[in-house]
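Colleague: coordinates for the following, if possible.
(10 chains)
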Protein chains: 10
Amino acid sequence: MSIPEITQKLLAAKQGKGLSFADLEKILKRDEVWIAAVIYRQASASEEEAKLLIEALGLDASYIQELTAYPVKGLGPVVPTDPLIYRFYEIMQVYGFPLKDVIQEKFGDGIMSAIDFTLDVEKEEDPKGDRVKIIMSGKFLPYKKW
Amino acid sequence: MSIPEITQKLLAAKQGKGLSFADLEKILKRDEVWIAAVIYRQASASEEEAKLLIEALGLDASYIQELTAYPVKGLGPVVPTDPLIYRFYEIMQVYGFPLKDVIQEKFGDGIMSAIDFTLDVEKEEDPKGDRVKIIMSGKFLPYKKW
Amino acid sequence: MSIPEITQKLLAAKQGKGLSFADLEKILKRDEVWIAAVIYRQASASEEEAKLLIEALGLDASYIQELTAYPVKGLGPVVPTDPLIYRFYEIMQVYGFPLKDVIQEKFGDGIMSAIDFTLDVEKEEDPKGDRVKIIMSGKFLPYKKW
Amino acid sequence: MSIPEITQKLLAAKQGKGLSFADLEKILKRDEVWIAAVIYRQASASEEEAKLLIEALGLDASYIQELTAYPVKGLGPVVPTDPLIYRFYEIMQVYGFPLKDVIQEKFGDGIMSAIDFTLDVEKEEDPKGDRVKIIMSGKFLPYKKW
Amino acid sequence: MSIPEITQKLLAAKQGKGLSFADLEKILKRDEVWIAAVIYRQASASEEEAKLLIEALGLDASYIQELTAYPVKGLGPVVPTDPLIYRFYEIMQVYGFPLKDVIQEKFGDGIMSAIDFTLDVEKEEDPKGDRVKIIMSGKFLPYKKW
Amino acid sequence: MSIPEITQKLLAAKQGKGLSFADLEKILKRDEVWIAAVIYRQASASEEEAKLLIEALGLDASYIQELTAYPVKGLGPVVPTDPLIYRFYEIMQVYGFPLKDVIQEKFGDGIMSAIDFTLDVEKEEDPKGDRVKIIMSGKFLPYKKW
Amino acid sequence: MSIPEITQKLLAAKQGKGLSFADLEKILKRDEVWIAAVIYRQASASEEEAKLLIEALGLDASYIQELTAYPVKGLGPVVPTDPLIYRFYEIMQVYGFPLKDVIQEKFGDGIMSAIDFTLDVEKEEDPKGDRVKIIMSGKFLPYKKW
Amino acid sequence: MSIPEITQKLLAAKQGKGLSFADLEKILKRDEVWIAAVIYRQASASEEEAKLLIEALGLDASYIQELTAYPVKGLGPVVPTDPLIYRFYEIMQVYGFPLKDVIQEKFGDGIMSAIDFTLDVEKEEDPKGDRVKIIMSGKFLPYKKW
Amino acid sequence: MSIPEITQKLLAAKQGKGLSFADLEKILKRDEVWIAAVIYRQASASEEEAKLLIEALGLDASYIQELTAYPVKGLGPVVPTDPLIYRFYEIMQVYGFPLKDVIQEKFGDGIMSAIDFTLDVEKEEDPKGDRVKIIMSGKFLPYKKW
Amino acid sequence: MSIPEITQKLLAAKQGKGLSFADLEKILKRDEVWIAAVIYRQASASEEEAKLLIEALGLDASYIQELTAYPVKGLGPVVPTDPLIYRFYEIMQVYGFPLKDVIQEKFGDGIMSAIDFTLDVEKEEDPKGDRVKIIMSGKFLPYKKW
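Modeller: Prediction:
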């Protein structure tokens, strides 16, 4: 797992400018997770989105071409070692089969799309300790028969 | 990956009774995903919950002891092969690092708990195709310094 | 990799009846590859399809329930050892990146669905040696931005 | 998985010239997938093909020697992480055994060649969403007895 | 790696009859290595060959159907542990690239077929210690361009 | 798998000189496969052999020391991805156990040495398509009892 | 496994200054293991802690930003090869299940947190050979039901 | 990972008798973790210890021989999937190198023995949530020079 | 890793008779390690050796045939989990390259045979703790040039 | 597996000086295998030993600090590919369990230390071919009960 060089530069510029992902969300009118995915070269921006991002970060236009390219996706080892990311892997080890059964009982034989898909993060304040709320929404795709 | 024998028996009884997980949710007053996790032996029921489940499925009390035991958790190969479950693995390959950055920017250095954690599935009706909505909520745990 | 027991029984019955997959295609009005996928428990049949299949194979109705269930999918080792199946793995090792670039140039950033998907096999007669023709057709799914 | 340096240079030149793979197909009189395979150093061009390609991309002749060499083939991790490429891996996990049975029923004990082999991509327009059509054609090779 | 049950039975019968593979070669008019491959369920016999084999081993006709089926091929762990088999793996680790270069220099870009292929074992007597001679012969398959 | 730098330089010089491995065989009076193994740093040359090789390739004497060193051997991933090399891996997956039985029936409990070992490649002309002939010869080593 | 460059620089500076981790413990008022974790970029320091560390090591302030960042955690191969670190892996192979049962019998179904967690090392002098004492303390997290 | 059959029987008997590991500690005068290790067949009991254990669990003497045998040790997959056990693996991923440095700074080049080793679990009551305390003590073994 | 059934029976008989491997060494006039290797089905006995072993263990003659067969060798996971066996794996991780250099400096380019090979275990009494002494002796095999 | 840079420099200097490991053994009064382990950064020298080594090799004192550091140990892939080193891996695959049983029968439940451990290589002259003799001596460590 090696973070792409362009990612490192964009993140450094973002830190230098003191901008949060939430700030970028307001500038690009796109969700902060999606913007982070563009920065990690997991999603492709339109020319306009790339320009807005580059300007916000104070970088020159030479980055635009790479940010609009369709990236080779997937970042990280087979089993993630970072504890924050591992927990999501563990959730699937523990709740993957239950989830499959519940989804398929509600929808039929098929899957939740990871392409026609959105992912949001919210902070739930809680006196016993704040909670991370993750909302995923993916189109249900039924298996085609032929 | 082999589905535990008790799971197979409980699922067969559930199908024989024509009960959905949503039906069991009403009987046990627990979320359907959690109930499915108990059936897959990834979560432990209280004696009372186990009784309610066993009665609903028309099985004898001999299953109660196993359902209340603390299971060895984790089911499935290192990289899941079932397409529905794989998509969640893919989501972490693609959005794992962006997610880490957004969560830690909002909360600091730490993780979302996968233990003090809930997971819900909802069906979003949509004329362009229904959507699967997954809501995860986990307590944020900041790294302790010592 | 272990072939499911029900698959072995259905294949034995099919051989006993002297039926080809092409024969089953005529009986079920479904493509032979899809029928083979049902038999290998990688696809789920409707009740009616399951009945037609069971009757054609001369088996009793007790198999219907399993054939209509939504299977846990994926069969085979990480790298396939069977030479026929391995060749498709090799094709992706050799032509995977070229294919990605050509598809994305034609369609944009996204994927070919493996769910809204069909797969046909045809025999091309050729004096220099017959050829296997594989036709895959999958809906293009563009990456959603949010 | 690291994209060869020469590939990166050729792709950058292609983008700079605003040429699509389909454009190159017209210039080289070779299929665009095969040309992409040459660029990814998975196939070897003849001297003439290499010249045509190099001229079209506006590069100097020093690349010709490498493009005509017989490459060490295979690019990508054991299980692909890029979603577009992974789907083909998944297709073989799900439909590999059904495919094997159907092919061998039609042809006998043997394989589809991945060497005497062609691979085409077509765009099928469809009001419900365009479809990716992949056509593979490989010579059937029966197992020799001796 | 588990030796198929039918293999174990055939080998036990062979040992019981005191027959060597060389003896079977004379009876079936097929090479002993190929016959061993049939017994290990890596090659498929014709009905006549299966009958000859079964009769020689004194077994009943019920084995014929399985011996004529087209097997799922590949037996053994990813890296073989048996020293005799490992040595061939090691030969490819050490001489694989040199071999590739020499073959491709003589034949062009392509491979030696492992399907249109024969494999013989001979004993070379030598006062300094007998030698194992392995002769492989496979059709050269040039890469097709399209 | 990364080809050693010295190998890349020697191969480039060989191509520049327009020399085949067969040409080098005549110069060094060693088999072309063995010479290729020296170039890939899998075998060690004597000082005289290294000199002959270096002179033939028109390189300076500084390479001699490395070519006479005893290399760390083994080149390539656990399962080879290059189709030419993979076929030999597949041959062992399919014919490994049959081969073991035939060899041990002829020789007793032991192995074919991969050290006291030679490997030759020949081109068999054939109107139905030329064939690659591989001849391996290794000393049989019986297991010692003690 | 590659030690981060910043880690190598900090450790070199520490050695140059002749400072032990115990010395740093006194300066930062943090446990030496935690400080070592900061140096290995497995834990994030506050600005003040980073300054104290940097001053103690005689380095310039440019390191502060990186030391306060939230690192991507996890360092080392899947199965550690260093004998000191491997022993802890072995302890879990041997005592992992016993430990799970004893902890869960005392606390219920849940885990020991690795986030709300401290780790201390002490030297126990012993005439038969000094002993390493490791004290871990992690908050017990009970599985949430929902 | 499969729990040995004898372990399953002993744990069932223990549950049937309503005995905790702490109860067994009092009976055998051995630490509860070590007793659990004997039950999981990771440690070997003396004849007397085995007798005390068997009597406490109300089982017959036939188990004694197996409990005194020297077991093949190591239980669990390469990367543990059970969240409780995984956390210890994660601790080594995160704190392994820091721990190595701190231990070797205190003791010199060597390791903490996992053989001359004890492991205790304690419950620390805490108003903010009880804590699991793990105390490991292993003899320091310095590397021998020769 | 599963211990062969015949091994379990022979070891049980050996324990029942109260015989040590050293006792068997006296009866068979073969080294105890080699005898253990026969029992674990890693080495093949002559008919006479098998008879002596069977008689000593009080078993019937039906085991002789299997003990004289040439076994499929190799027992254990890729990385051993048993601490005693792992230590030898670790020794090669730590001292493998040094050993290679020292052996090849003394003998030239080649290997120590693991086939023409003996392995002895001795107990060295030592007041500071007894020592295990392992003596391996393998024929040096120089690489053949051809 | 990459040989450390310092190792490459020390080995080149050693070759330049024409010194064998046996020569270094006389200079350092340490065994040649241990000295090779220092050079491969698997063992740590004292300041004095490092000085003697550096002087013998004609290098400057800047290497001393690194040679006295406590290295991160373990060099090589999970399954070694170099034939000389692989043979030791194979010996453990074949003789590992027999060895375990023989050692534990002589010593009880425990292991041979790989830390309080020495390893010697001797050349046994033999008219049938010289033999490599390896002598390992490790302290026996009995499992502690607690």
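
Colleague: tell me which strands the longest strand anywhere in chain A pairs with, and in which orientation.
Modeller: Counting by DSSP state E, the longest strand found in chain A is strand A:110-124. The pairing partners recorded for strand A:110-124 under DSSP bridges are strand A:131-142 (antiparallel).

Colleague: give me the buried positions along the partner strand.
Modeller: A:131-141 (16 or more other Cβ atoms under 10 Å in any protein chain shown). Every residue, glycine included, has its C-beta placed from N, CA and C.

Colleague: can you put these in a markdown table and add pLDDT?
Modeller: Listed next are these as a markdown table, based on pLDDT from 0 to 100:
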| residue | pLDDT |
| --- | --- |
| A:R131 | 98 |
| A:V132 | 97 |
| A:K133 | 98 |
| A:I134 | 97 |
| A:I135 | 98 |
| A:M136 | 98 |
| A:S137 | 98 |
| A:G138 | 98 |
| A:K139 | 98 |
| A:F140 | 98 |
| A:L141 | 97 |
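
Colleague: coming back round to it: buried ones in the longest strand of chain A, by neighbour count?
Modeller: Residues of strand A:110-124 classed as buried: A:110-121 (neighbour count, 16+ other Cβ under 10 Å).

Colleague: got any ranges where chain A has weak pLDDT?
Modeller: Residue ranges of chain A with pLDDT under 70: A:1.

Colleague: for whatever residue of it ends up closest to chain F, give me its contacts.
Modeller: Residue nearest to chain F within chain A (Cβ to the nearest Cβ): A:V78, separated by 14.1 Å. A:V78 is in contact with B:78-79, D:79, counting by Cβ atoms under 8 Å, 6 or more residues apart in numbering or on different chains.

Colleague: let me know the helix or strand that it is in.
Modeller: Following DSSP states H and E, one finds A:V78 outside all helices and strands.

Colleague: please apply the same query to the one 10 residues further on.
Modeller: Under the criterion DSSP H and E, the helix or strand holding A:F88 is helix A:83-107.

Colleague: which helices and strands sit right next to that helix?
Modeller: Applying 3 or more Cβ pairs under 8 Å, 6 or more residues apart in numbering or on different chains; DSSP states H and E, one finds that helix A:83-107 contacts strand A:131-142, helix B:21-28, helix B:32-39, helix B:83-107, strand B:110-124, strand B:131-142, helix H:83-107.

Colleague: and A:E48, how far is that from chain J?
Modeller: To chain J, A:E48 is 45 Å away according to Cβ to the nearest Cβ, to the nearest Å.

Colleague: between the helix or strand where that residue lies and helix A:21-28, how big is the angle?
Modeller: Under the criterion DSSP H and E, the helix or strand holding A:E48 is helix A:47-57. On the basis of axes from the mean of the first three to the mean of the last three Cα atoms, to 10 degrees, helix A:47-57 is oriented at 130 degrees to helix A:21-28.

Colleague: ok, helix A:47-57 near chain B or not?
Modeller: No. Helix A:47-57 stays clear of chain B (Cβ under 8 Å from any Cβ of the partner chain), getting no nearer than 13.6 Å.

Colleague: keeping just the C-alphas, turn that helix into PDB.
Modeller: Output in PDB follows, covering the C-alpha atoms of helix A:47-57 (Å, rounded to 0.1, in the frame of the first residue of the first chain):
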ATOM      1  CA  GLU A  47     -12.700  19.300 -15.400                       C
ATOM      2  CA  GLU A  48     -14.700  21.900 -13.500                       C
ATOM      3  CA  GLU A  49     -14.500  20.000 -10.200                       C
ATOM      4  CA  ALA A  50     -10.800  19.500 -10.700                       C
ATOM      5  CA  LYS A  51     -10.300  23.300 -11.300                       C
ATOM      6  CA  LEU A  52     -12.300  24.200  -8.200                       C
ATOM      7  CA  LEU A  53     -10.300  21.800  -6.100                       C
ATOM      8  CA  ILE A  54      -7.000  23.000  -7.500                       C
ATOM      9  CA  GLU A  55      -7.800  26.600  -7.000                       C
ATOM     10  CA  ALA A  56      -9.000  26.000  -3.400                       C
ATOM     11  CA  LEU A  57      -5.700  24.300  -2.600                       C
END
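
Colleague: so which bits of it are buried?
Modeller: Buried residues in helix A:47-57, counted by 16+ other Cβ under 10 Å: A:49-54, A:56-57.

Colleague: could you check the angle it makes with helix A:32-39?
Modeller: 90 degrees.

Colleague: is any residue of whichever helix or strand comes after helix A:47-57 near chain D?
Modeller: Scanning forward in sequence from helix A:47-57 by DSSP H and E, the next helix or strand is helix A:64-68. Yes. Interface with chain D: helix A:64-68 contributes A:Q65 (Cβ under 8 Å from any Cβ).

Colleague: can you tell me which of the buried residues of helix A:47-57 is nearest chain J?
Modeller: Out of the buried residues of helix A:47-57, the member with the shortest distance to chain J (by Cβ to the nearest Cβ) is A:L57, at 36.0 Å.

Colleague: please give me every residue in contact with A:Y143.
Modeller: When contacts are counted by Cβ under 8 Å, 6+ apart, A:Y143 touches A:109-110, C:43-44, C:115.

Colleague: taking those residues, tell me the two that lie furthest apart.
Modeller: The span of the contacts of A:Y143, defined through Cβ to Cβ, is set by C:S44 and C:I115 at 12.7 Å.

Colleague: who touches A:A37 in this structure?
Modeller: A:A37 makes contacts with A:43, B:94-95, B:98, as judged by Cβ under 8 Å, 6+ apart.

Colleague: how close does the residue nearest to A:Y63 when sequence neighbours are not counted sit to I:A36?
Modeller: Distances taken as Cβ to Cβ, 6 or more residues apart in numbering or on different chains put A:I54 closest to A:Y63, at 5.5 Å, once the chain neighbours are dropped. Going from A:I54 to I:A36 by Cβ to Cβ, to the nearest Å gives 69 Å.

Colleague: please apply the same query to A:Q93.
Modeller: Going from A:Q93 to I:A36 by Cβ to Cβ gives 39 Å.
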